[in-house]
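Visitor: Generate coordinates for the sequence data below:
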Amino acid sequence: MKNNDVVSTLNDLIETCKDGEEGFKTCAEDIGDGQYKQPFLTLAAGCAASAQELSGLVIAYGGNPETRSSLSGTLHRRWVDIKSAIVGKDDEAILNECERGEDVAVKSYRNALEKPLPVDVKAVVERQYQGVLQNHDLIKSMRDRARAAAMH
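Guide: Numbering: from 1, shown residues only. Below you'll find the model as predicted:
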């Protein structure tokens, strides 16, 4: 795999991480139930750390790291804003949207792992992918708790 292909793949993942960071911060601001704020902020910090780690690899492979989130991330955040405004900050709806955002992240990492990445890069991407899967499961369990609480 050529260096510029490695850089391009990593920059896509950096965008994904930045989208996640922004999305989780938005969810932390909009969520009504205080018990969910800190987990979202922790997830946002994890996304930022992943983007930083990937940026180091981009530089090592001779590229310029992505500094912005993607257009889809912007749309994702707008959707979170609209959804929370319409639904009156319904926690389950916000958590559903966060889960959808993590579905996108899972897909981005899977796509990257299907490419013939150099061993050092693949090791980092694989480790981060496991973290994305854990985030997805955490959000799903938070959503299930919110759903159960709404039924009582």
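Visitor: chain center to the helix or strand hosting residue 112, what's the gap?
Guide: Element membership for residue 112 (DSSP states H and E) is helix 91-113. Centroid separation for helix 91-113 versus its chain: 7 Å, with C-alpha atoms, centre = their mean, to the nearest Å.
Visitor: Can you tell me what sits against it?
Guide: Residues outside helix 91-113 that contact it (C-beta atoms under 8 Å, 6 or more residues apart in numbering): 9-10, 12-13, 16-17, 19-20, 23-24, 27, 30-33, 36, 40, 72, 76, 79-80, 83-84, 87, 122, 125-126, 128-129, 132-133, 135-136, 139-140, 142-143, 146-147, 150. Using the backbone N, CA and C atoms, a C-beta is placed for each residue, glycine as well.
Visitor: repeat that for 7 Å
Guide: 9, 12-13, 16, 19-20, 23-24, 27, 30-33, 36, 76, 79-80, 83-84, 87, 125-126, 128-129, 132-133, 135-136, 139-140, 142-143, 146-147, 150 (C-beta atoms under 7 Å, 6 or more residues apart in numbering).
Visitor: Kindly report the same for stretch 117-135.
Guide: The contact list for stretch 117-135, computed with C-beta under 7 Å, 6+ apart, reads 1, 6, 9-10, 13, 43, 46, 50, 53, 57, 102, 105-106, 109, 112-113.
Visitor: Farthest pair within the residues you listed?
Guide: 1 and 43 (30.0 Å; C-beta to C-beta).
Visitor: Now for this protein, the helix or strand with the poorest mean pLDDT.
Guide: Within the chain, confidence by mean pLDDT, DSSP states H and E is lowest for helix 71-86 among all helices and strands, at a mean of 56.
Visitor: can you pull the contacts of the residue nearest the centre of the chain?
Guide: Nearest to the mean C-alpha position of the chain, by C-alpha atoms, centre = their mean, lies residue 20 at 2.8 Å. Residue 20 sits next to 47, 101, 105 when contact means C-beta under 7 Å, 6+ apart.
Visitor: Please apply the same query to residue 37.
Guide: 28, 31.
Visitor: in what helix or strand does it lie?
Guide: Judged by DSSP H and E, residue 37 forms part of helix 37-60.
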